[in-house]
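Give me the fold of what follows.
(2 chains)
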Amino acid sequence: MTDDSNEDKEKGAAAGGSYDASRRRFLKGVGIAGAGAAFADHLLADTQAAEAQANGRASSVAGTVEINLEINGQKRSVRVEPRTTLLNTLRNHLDPPLTGPKLVCDMGTCGACTVLLEDKPVYSCLVLAVDAVGKKITTVEGLGSAEKPNAVQNAFVEKDALMCGFCTPGFVTTISAYLKKNPNPNLQDVREACKGNFCRCGTYPRVFAAALAAAQAQTGHD
Amino acid sequence: MQQAPAKKKKKIRVPRVVNGVETMVEIEIDDEGGPGWGANDKHALLNHHLRRVDGPLKVSGIAEYTYDKRAPGMLYGRLLRSPHAHARVLKIDVTAAQRMSGVKAVISITDKPTQDASAAIVNFAGEPVAAVAADTPEIAGDAIRAIKVDYEVLPHVVRADDALKEGAPKVYPEGNLEQRDSQGFATKVAAAWDKCDVVLEAEYRTPIVHHSCLETHGHMVDYRGGDTATVYASTQGTFTIPGDAAKELGLMESNVTAIVEHMGGGFGSKFGIGIEGALACRLAKQAKAPVKLMLTRQDEFLLAGNRSGSWQKFKAGVNKDGTLVAFQALQYQLGGLGDGSQAGQPYIYNAANRYRERFAIHTNEDSSRAMRAPGHPQASYAIECLMDDLAYKIGMDPVEFRKKNLTDKVYHRQLDRGAREIGWDRRNQTPGSANGPLKRGMGCGIGTWGGGGGPQCKVDVTIARDGSVMVAVGTQDLGTGTRTYTRAIVAEELGLQLTDVIEKIGNSTLGAANASGGSTTSASLAPAVKVAANKARMAMAEQLAPLLGSVKPEEITFGNGNVTGGGKSLSWRQAAAALPSAGVNARGEWRADLAASGVHGVCFAEVEVDVETGRVRPIKMVHVQDIGLPLNRLATESQINGGMIQSLGMALWEGRVMDAKLGIQLNPGFGDYKLPGCAEMPELVAIIDDEDKREAVIGVGEPSIIPSVGALANAVFNACGVRVHDLPLTPDKILMALTNGRTTA
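From the prediction side, this is the model:
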C-alpha cells in the first residue's frame, strides 16, 4: 500500500547516509529481504513498510517518500518507494522522464544504465534513488545534445560506434567520464575502461576508435 | 476496348518469414526495366562512408525506443513463469495479487475454463502462466510474487541425448525424434568408402545460444477502450504487429497502428507480438489503460527464442589429391519444442557421393526461433572443422584443399584475399607445433547466404515547394542503417545531400514493407526507394522543363543541389518553388533488376591458446564479403564486424546450460551467460569484396556471422593441435582434450 499522508515529513531522508556504490556492498546490503530492507532504517518512519513487516506480510515494501535529486544541473523532486532504483526513478517516476540510461541486465553486468554520480560512473540499476540524494547525477542527456554533442558523442557518430544504439548511452557516459580521468588513453586503456559495458550488435572496435578520436579532439582543443 | 500489352513476367524465389521461420517461396513478378543503379564506383552518396542519420539521437539518449515509451495512466506489465519444465497447472490463485494496491489487471492461463486439457499444461520452464499490470514496475513484481500456482509436476527431458533414450518422457505424443528430410544416395556412398584413400568419422555439437537483444521483447499497448489502439513494438516487422494485436484486442486490424521508431536489436527473434504482446493486449483490455510489458532479462533468456543447437555426425572419405569422394551426415536440429534449423551438409562443398539425413530432436525447452542466418553457423562450423581435419590428415594446405572441392571461383578469390590479409603463411604447418605455453594458430571458414528481395515495399517520396524532401515507408531500422540508406538513395537521385532529405519509417500507416528476416530488408526496400525517387525526379522534371526552355524532362540533370537543363541551372530551392502547391508525390515499388541474391563469405582467424590454462585469446579476424552494391560502406563494415563478434561468442563463450534433473536453465542472465566483451576483442578486419561488380542490392546482416565460427575453431586446433568437438571452446574442454591428446599420443 502506498501512503501519502505524511509525504513531506522526511524529504531527503537518505541524504545523510554514506554512499558506496560498489556492487559488493550493494549485494551484501540487499541480503535476503530485497533492496528496500537495506534502507528501511532510514525510512521506516515514513512508510508503512514497518507495519507490513510486523504483520508478517512480506509481499511488498510499500509506502513512498518524496526526494529531491540534482540531475543534469536541475533540481528534480520525485516520489518513490525507498526500494526504487535510481534507474527506475529516472525512467519511470520522474516526469518528464530521462530514458537515456537503459535497463538491460538488471544486475550490474552490462553497463547500459551507466550514469555519473559525483562525476563517477555507476550502474544506476544498483543504486537506490534515496541513496543518490545530495549527489550530483549526470545522465547521457546531460553530457550533450543531438545539436550540441560532446566530443565523445560526436566521435560515436563519426566512427559509426553504434548500431541499434541501446548500449550507446552507457558507453558514451562511461567514456566521457574516463577521458576526464585520462585525457590521453591508448587502445588498451580504452578497452579496460569499457570492460563494464556490453554491446550485442558488435560495435566494440568502433567504440574504441571513437574514444580515441574523442580524446584527440579534446586535447587538440585544450 | 483496347487490351494493354501483356507485361513480361518472370519467376523468382524469395525468402519469407512465417512465424519466425524462414522459407523460400516462388513468386511471379513483372519484368520491367527502368533506370539502374549504375556502376558501383560511380555513386555520389551510395557506396560511400555515410554517417548514420539517427546517430545524433542515439548518442544523446533521446532516441525513443519502445522500452522508453510512457503515456498518462500507463501501467507496467509483468509475467509469471512456470518454474517446471513440464507440469499440469492445477490451480492459480490470484486473489492476493488482485487485492494489492496499485494492481490494475491480473490474468492467468486458467481464466477461461476450457475443454482442452492441454491448455493447462506447461511444456518448458519459463512458459508464462499469469500476467499482471500495475502502477509501477515494483508493484508489478510484488503482484507476481503474490500469485500462488499449484502444479502437478510431470516428467521432462531437456537434453538431446536423454530425449533419444528408450522410455524417455515424450515431448510430443508422436515422440521426440522427427525426420525432416533426407537427400542423396546412401547405397552409392556405402559403395564409395573402399575407393577413398582416407576415411574419417567425427561428430560436432553446438549448444543453444541466445539472441540477447539488449532491448528485450515487448510492447507498449496504448489502448483505453474504444475502437482504436496504438502499439509501440520492439519488432523486426512493423506490419507483423497490427493483425496480431487487433485479434487480442478485439479490434479491426486497420484500427491498430504499430510504431517502431527505434529498436534495440532483434537478430531474428522479433516477429509478431508473441505471447508477451498478446498478454500485454489482454491486460490493457482488462484495465482499459495503456500497458507496457517488456520482458525481464530472465524472461528473455527463457521464453523469447534462441538459436537451435546442433549435433552432427559425419563420415567422409578423400583421395590423396584432395578430392572429397564420399560424404555422409546425420544431422540433428535441437530446437526444443520447435524444429530448429540447420543447413544441409556438406554445405557448400562438392562430394561425388553424398547422403544426409536431418532430424529434429524435441526437448522441454522453449522453441528456437530464427537467429541471424538460421542453421548456417551450425552447419558451417561443423563442416569446416571436418574439412580441416581431412586436409591435415592428407597433408594438404587447408585452403588448397577447400579450393579443390569448391567449383565457385568467388570462393577461391575470397580465400586468397583473406589468406593474404591474415598472413596465412605464418600458420603452423603441424598443428600445435609452436614452442612455449602460449601457442598461436590460424584457421579459416566459409559461408553462403541467399538473401535477395521481393515485391513487398511501397515507398512514397514527396517534394514540397519549400524544397523539403520526405521519403516515407513503414519499414523498421534494427540498427542496420535502414534510415540512412533510405535517405541516401533519395538524396542521390535528386542530387542532394543526406541532410536535405528526411525519412519517416516505423509506422504501419505508411507504405507497406517486409519484415526484416533473411537479410531481405535492403534488397526489398532499396529498389522501391530508388524507383520512388526516380519517379519523383521525373515528375519534377516534367514540371520544370517548360521553365528551362527547350529541354526534354529526361535530359534534365539533378546534381550538387542544382537542377540543370536547356543551358539553364536552378538551385534546388528555386526549382522546388516552381512546383504546384501540392509539390510532387511519387510512389515506388520493387523492381527485380535492382536487387540480387546469393553471396559468399570467408573468414580467417588467428588465436592464441594458453595450453596451461586452456584459455583462448582471439588475436585477429578477417572477413571478406561480397554484397553487390554496398549502400553504405560504413554501416556495412559495422555489420560485418558485428557478425564476427557474435560468432566469437558462439565459438568461444556462449551456450545455454541446462540442469537435466531440474529441467531449468542455469545461466539465464548476463552474469553467467558470457557475451563477447571489450576485453576479448581481437583486431577485426572487415573487407567488402569490391570485385563483386553486381549493380544490385543484397543484404549483409546474416552472411557476416556464418564462416567465422569454423574459422575460430580451426584456429584453436591449429594452435594447440587437439580438436574439441563441441562449442563453446571453453578452457575446461581444451584442457581435457590436451590431456587426452597427450595420453593417446
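
Endpoint to endpoint, stretch B:387-402 covers what distance?
The first residue of stretch B:387-402 is 7 Å away from its last residue (C-alpha to C-alpha, to the nearest Å).

List the buried residues in it.
Applying a neighbour-count criterion of 16 or more other C-beta atoms under 10 Å in any protein chain shown, one finds B:M387, B:D388, B:D389, B:L390, B:A391, B:Y392, B:M396, B:D397, B:P398, B:V399, B:F401, B:R402 buried in stretch B:387-402. To be clear about C-beta, it is placed using only N, CA and C from the backbone, and glycine gets the same treatment.

Not counting its neighbours along the chain, what's nearest the last one?
Leaving aside its sequence neighbours, B:R402 sits nearest to B:M387 (C-beta to C-beta, 6 or more residues apart in numbering or on different chains; 6.0 Å).

ok so the one you found is a helix residue?
Yes - counting by DSSP: H, G, I helix; E, B strand; the rest coil, B:M387 is located in a helix.

residues contacting the residue in chain A that chain B sits nearest to?
With distances taken as C-beta to the nearest C-beta, chain A approaches chain B most closely at A:G100, which sits 2.3 Å away. Contacts were defined as C-beta atoms under 8 Å, 6 or more residues apart in numbering or on different chains; by that measure A:G100 touches A:T139, A:V140, A:E141, A:P169, B:S60, B:G61, B:I62.

Okay, strands next: where are they in the stretch 351-500 of chain B?
Per DSSP state E, counting those that start in this stretch, the stretch 351-500 of chain B has strands spanning B:353-361, B:438-449, B:458-463, B:469-472. These are given in chain order.

JSON lines for the ones you listed, including mean pLDDT?
Conversion of the strands of the stretch 351-500 of chain B to JSON lines gives the following (pLDDT from 0 to 100):
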{"stretch": "strand B:353-361", "mean pLDDT": "98"}
{"stretch": "strand B:438-449", "mean pLDDT": "98"}
{"stretch": "strand B:458-463", "mean pLDDT": "98"}
{"stretch": "strand B:469-472", "mean pLDDT": "98"}
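
Would you convert those strands into a markdown table that also reports mean neighbour count and distance to B:K733?
Putting those into a markdown table (neighbours: other C-beta atoms under 10 Å in any protein chain shown; distance: least, C-beta to C-beta, whole Å) gives the following:
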| stretch | mean neighbour count | distance to B:K733 |
| --- | --- | --- |
| strand B:353-361 | 22 | 22 |
| strand B:438-449 | 25 | 16 |
| strand B:458-463 | 23 | 50 |
| strand B:469-472 | 22 | 51 |
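
which one of the ones you listed lies closest to A:E158?
Distances from A:E158 to each of the strands of the stretch 351-500 of chain B were compared using C-beta to C-beta; the minimum, 24.1 Å, belongs to strand B:469-472.

and that closest one, what does it pack onto?
Of the remaining helices and strands, those touching strand B:469-472 by 3 or more C-beta pairs under 8 Å, 6 or more residues apart in numbering or on different chains; DSSP states H and E are strand B:458-463, helix B:482-493, strand B:501-504, helix B:521-548.

Just say which of those is most tucked in.
helix B:482-493 (a mean of 26; mean count of other C-beta atoms under 10 Å in any protein chain shown).

is any part of that helix close to chain A?
No - using C-beta under 8 Å from any C-beta of the partner chain, we find that helix B:482-493 stays clear of chain A, coming within 9.8 Å at best.

then that helix to PDB, C-alphas only?
Taking only C-alpha atoms (Å, rounded to 0.1, in the frame of the first residue of the first chain), the coordinates of helix B:482-493 have been written out as PDB:
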ATOM      1  CA  THR B 482      17.800   1.400 -42.900                       C
ATOM      2  CA  ARG B 483      17.100   5.100 -42.200                       C
ATOM      3  CA  THR B 484      20.400   6.200 -43.600                       C
ATOM      4  CA  TYR B 485      20.400   4.400 -46.900                       C
ATOM      5  CA  THR B 486      16.700   5.200 -47.500                       C
ATOM      6  CA  ARG B 487      17.600   8.800 -47.200                       C
ATOM      7  CA  ALA B 488      20.800   8.400 -49.200                       C
ATOM      8  CA  ILE B 489      19.100   6.800 -52.200                       C
ATOM      9  CA  VAL B 490      16.600   9.700 -52.500                       C
ATOM     10  CA  ALA B 491      19.200  12.300 -51.900                       C
ATOM     11  CA  GLU B 492      21.500  10.900 -54.500                       C
ATOM     12  CA  GLU B 493      18.700  10.500 -57.100                       C
END
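
and that helix with helix B:521-548, angle?
30 degrees (axes from the mean of the first three to the mean of the last three C-alpha atoms, to 10 degrees).

who touches helix B:482-493?
For helix B:482-493, contacts defined as C-beta under 8 Å, 6+ apart pick out B:43-46, B:50-54, B:459, B:461, B:469, B:471, B:473, B:475-477, B:496-498, B:500-503, B:505, B:521-522, B:525-526, B:529-530, B:532-534, B:536-537, B:558, B:631-632, B:635.
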